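Asker: starting from these lines, generate the structure:
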Amino acid sequence: MEITAFEIWVTVGLLLIVAELLGAEFTALALGLAAIITGFIVAEVAMSVPLQLAGFAALAAVLVPSLVFGFRRLRRARLQNIVVGEGGESGKTASVLYKHGKPNIKLGAITYPARTEAGEALAEGARVRVLRMEGITAIVEPDNQ
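Answerer: Below is the predicted model:
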């Protein structure tokens, strides 16, 4: 059984798309799509290997920047709509943990820098209650309960 150019291109394309799951910032996805499109073109039109590679390169030159910059723009727009500290954190309790010598608290899966209003030191492991958020910093007080 002989493997066709179509099968090679589609296999390479699918492997690149799977590689995207490792966090390639949409580059592997774009290259995978370029390979799959090249495979479908090769299935319909007989092409030499150099011509196949040139076609793949041309598709990649268009798809990589389009997908990478397009998805970055989309992600940036989505992140701008996220507001920290709309009141959902107020009243929650957490334990103080230190990262790089600075106090932090963890609320759910997110770690926030923490400080008291008066700026007093927070002991590692101390229980605190969130008063409010200032940007990404949690303003806390000792939880005496």
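
Asker: nearest residue to L131 other than its sequence neighbours?
Answerer: Nearest non-adjacent residue to L131, counting by C-beta to C-beta, 6 or more residues apart in numbering: I139, 4.8 Å away. (C-beta placed from N, C-alpha, C; glycine too.)

Asker: beta partners for that neighbour?
Answerer: Counting by DSSP bridges, I139 is bridged to R115, R132.

Asker: so what's it scoring on pLDDT?
Answerer: Listed pLDDT for I139 reads 92.

Asker: surely it and M133 touch.
Answerer: Yes: counting by C-beta atoms under 8 Å, M133 is a contact partner of I139 at 7.1 Å.

Asker: joint contacts of the two?
Answerer: Overlap of the contact sets of I139 and M133 (by C-beta atoms under 8 Å, 6 or more residues apart in numbering) is empty.

Asker: assumed T11 was part of a strand.
Answerer: No: secondary structure of T11 (DSSP: H, G, I helix; E, B strand; the rest coil): helix, not part of a strand.

Asker: ok, it to T38 distance?
Answerer: Counting by C-beta to C-beta, to the nearest Å, the gap from T11 to T38 is 12 Å.

Asker: those two - which one has more neighbours?
Answerer: Each of T11 and T38 has its neighbours counted (other C-beta atoms under 10 Å); T38 has more, 27 against 14.

Asker: for I36, give me its contacts.
Answerer: Contacts of I36 (C-beta under 8 Å, 6+ apart): 9-10, 13-14.

Asker: likewise for K99?
Answerer: With C-beta under 8 Å, 6+ apart, K99 has these contacts: T111.

Asker: and it, what's its pLDDT?
Answerer: If you check K99, the pLDDT there is 90.

Asker: again, but for G91
Answerer: For G91, pLDDT reads 85.

Asker: ok, it - contacts?
Answerer: Applying C-beta under 8 Å, 6+ apart, the residues near G91 are 129-130.

Asker: check the burial of F6 by counting its neighbours.
Answerer: Neighbour tally, F6, other C-beta under 10 Å: 16.

Asker: how about A28?
Answerer: Neighbours around A28, by other C-beta under 10 Å: 20.
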